[in-house]
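K.L.:
based on what follows, work out the 3D shape:
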Amino acid sequence: MAVTKQLPRAQWKEYFDRFTKAFLEDLNPEDAVVEIVDPKLGDQFASDYARVLGVSYDPKDNVFEVALEGVDHLIYRPKEIWVVEEDNGFVSTIEIVRDDDTKEIIRLQSVGLQRAQQ
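P.N.:
Okay, the predicted model is just below:
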């Protein structure tokens, strides 16, 4: 059963470094959909099923990065990060609340088996 939890800021860097190493640096590709939920502009999609190479947080510059194949998606000044963590530790959803209360939702999906079967 998946668990939704808020990550303490002090754990962001280590948590996402560990997640990237465990799940994103293998031979099974993961795809991501990046959705921006802005109260003024409405929902927008910044990325639609792009291959994920890594996720990280830089505490010095206060930037969260989603490294996608062909482009990096940067989220500046996050103030909250929530994750949906599956039983095996895989993070299927990351919700980032920026300092202006705009939310960015990143949905991750392991597609390695689906691609191999096609």
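K.L.:
biggest helix in this structure, by residue count?
P.N.:
helix 12-19 (DSSP state H).
K.L.:
what about stretch 25-35, average pLDDT?
P.N.:
Stretch 25-35 carries an average pLDDT of 70.
K.L.:
any idea where the strands of the chain begin and end?
P.N.:
For the chain, the strands defined by DSSP state E occupy 3-7, 30-38, 42-58, 63-68, 71-76, 78-85, 91-98, 103-110.
K.L.:
nearest to Y15, out of those strands?
P.N.:
Closest approach to Y15 among those (Cβ to Cβ): strand 3-7, 5.8 Å. Heads up, the C-betas are built off the backbone N, CA and C, glycines and all.
K.L.:
before we move on, the earlier item: off-centre distance for the longest helix of the chain?
P.N.:
11 Å (Cα atoms, centre = their mean, to the nearest Å).
K.L.:
which helices and strands does that helix pack with?
P.N.:
strand 42-58 (3 or more Cβ pairs under 8 Å, 6 or more residues apart in numbering; DSSP states H and E).
K.L.:
again, only using 10 Å
P.N.:
strand 3-7, strand 42-58, strand 63-68, strand 78-85, strand 91-98 (3 or more Cβ pairs under 10 Å, 6 or more residues apart in numbering; DSSP states H and E).
K.L.:
in that helix, what's buried?
P.N.:
W12, Y15, F16, F19 (16 or more other Cβ atoms under 10 Å).
K.L.:
any weak-confidence spans in this structure?
P.N.:
Along the chain, the model assigns pLDDT under 70 to residues 27, 29-31, 35-49, 111-118.
K.L.:
can you put the buried residues of helix 12-19 in TSV and add distance to V3?
P.N.:
Formatted as TSV, these follow (distance: Cβ to Cβ, whole Å):
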residue	distance to V3
W12	17
Y15	14
F16	17
F19	14
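K.L.:
just give me the closest of the residues you listed to T93.
P.N.:
F19 (12.4 Å).
K.L.:
contacting residues around that closest one?
P.N.:
Contacts of F19 were listed using Cβ atoms under 10 Å, 6 or more residues apart in numbering, and they are G54, V55, S56, V83, E85, G89, F90, V91, I94, L108.
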